[in-house]
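S.K.: Just need the structure, nothing else, for what follows:
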Amino acid sequence: MSQTAVLVWLSATTALPTFRADLDAFAHSRLLRLEAPRENAAPFRASAYAPDAVAQIESSLEEARNAAAALEQSQALGALERAERVLREHPELPQSAWLMAEILQQSAELENTAPDGADAAATLRKRAAALEGPRAAPFSDRAPERETEVAAAQSVSVEGLEPDDALSWDGVQTRATVTTTAGEHHARVARGGRLLWAGWLHVSTAQASVRLPVPETVACSLDDIGRSHFAAGRAVPAPNARCESYVLARARANGIEASLCERERCGNVVIWQHPQESAAPAASTKKTFWPYAIAASAGALAITGIALWRAGVFDHPEPTSHEVWVFNGQKQQMGLSF
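M.R.: Residues are numbered from 1 along each chain as shown. Predicted coordinates:
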């Protein structure tokens, strides 16, 4: 019974049909049945960048600034609420943390204009600082506002990631252990250049770890074994590969080279060449031609001889006097024949 193995073709996809017979022969010699890699984990629901959403958010922020300058607090708050709603609908945006911090900072300025809004403004600025860090104090002719309280930094382990996943925390690419502060944060996780998860999460004081709902790598998918390759005449499996059986193969000038792998271990590289056409049949054909040529020549001579015989060419004429040279192997003599 044939065993199933996933084919990882490392040459150009357009060349695969040309070498299909070689791949099938290699697989047959090892009782394998080759199949395509499995589908990768599904990307995030909105993995593409959304420029329209960014334009809406920035337009709302500008509207809020103008309304606040005109002392139209209700209009400014409405614009900020629209900006936050669109931003939370599009967590895939890489600048989400900075945009949210701007929304919080403008909201804090509006709160600060109220007679009893100082505490609310301080809380909003603290939330903004957790996302983007403390801001430099702007130049102003007004009395300096109360300095924003910054939460103590803490180390948080981010779980739920695959070894090769790329994590962005508040817009900055980082490792699986981040130094951050308590509060709301934004995270994005990419795998193989594809966004797999993005969203908002809350870190509490002294929290040691947080788990993200990132989809697992599918065994025998290209995410799992796509980074396998050949190097220095040997097959190098993908790190942390989970696939039980897969074949690495690539094209050569007159065939393929292939290796059977299991998880993180690959066997020897086998060079499988096209079957060469033997020159013997051509030579044999050339040799067998001669009997037919000789027979044809003999037939032609026979026909010619019959024609000449009927024409009397071979009839003996009456003897006449002429010179005759006779070679006997020793000497020549001349005589007269009558």
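
S.K.: now the helix or strand encompassing V8, how far from the centre of its chain.
M.R.: In this structure, V8 sits in strand 3-9 according to DSSP states H and E. Its chain's average C-alpha position is 16 Å from that of strand 3-9, according to Cα atoms, centre = their mean, to the nearest Å.

S.K.: where exactly do the helices run in the stretch 101-250 of the chain?
M.R.: Ranges of helices in the stretch 101-250 of the chain, per DSSP state H, counting those that start in this stretch, are 118-132, 222-225.

S.K.: If you rank every helix and strand of the protein by mean pLDDT, what lands last?
M.R.: The weakest-scoring helix or strand in the chain, judged by mean pLDDT, DSSP states H and E, is strand 322-327 (a mean of 31).

S.K.: Would you map out the domains in the chain?
M.R.: What automatic domain parsing lists as the domains of the chain is 3-40+219-273, 51-132, 153-211.

S.K.: Reformat those as TSV; add mean pLDDT.
M.R.: Output for the domains of the chain, formatted as TSV (pLDDT from 0 to 100):
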stretch	mean pLDDT
domain 3-40+219-273	95
domain 51-132	94
domain 153-211	95
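
S.K.: Let me have these in JSON lines, extended by mean neighbour count.
M.R.: From N, CA and C alone the C-beta is placed, and that goes for glycine too. Below are the domains of the chain laid out as JSON lines (neighbours: other Cβ atoms under 10 Å):
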{"stretch": "domain 3-40+219-273", "mean neighbour count": "17"}
{"stretch": "domain 51-132", "mean neighbour count": "18"}
{"stretch": "domain 153-211", "mean neighbour count": "16"}
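
S.K.: Can you lay out the helices of the stretch 101-250 of the chain as a markdown table showing distance to A15?
M.R.: Converted to a markdown table, the helices of the stretch 101-250 of the chain look like this (distance: least, Cβ to Cβ, whole Å):
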| stretch | distance to A15 |
| --- | --- |
| helix 118-132 | 49 |
| helix 222-225 | 18 |
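
S.K.: To S29, which of those helices lies closest?
M.R.: Nearest to S29 among the helices of the stretch 101-250 of the chain is helix 222-225 (21.7 Å), distances taken as Cβ to Cβ.

S.K.: Contacts for the closest one, please.
M.R.: 6, 8, 37, 40-41, 191-192, 217-218, 237-238, 241-243, 246, 261 (Cβ atoms under 8 Å, 6 or more residues apart in numbering).

S.K.: From those, pick the one nearest A198.
M.R.: Checking those one by one against A198 (Cβ to Cβ), the nearest turns out to be R191, at 12.4 Å.
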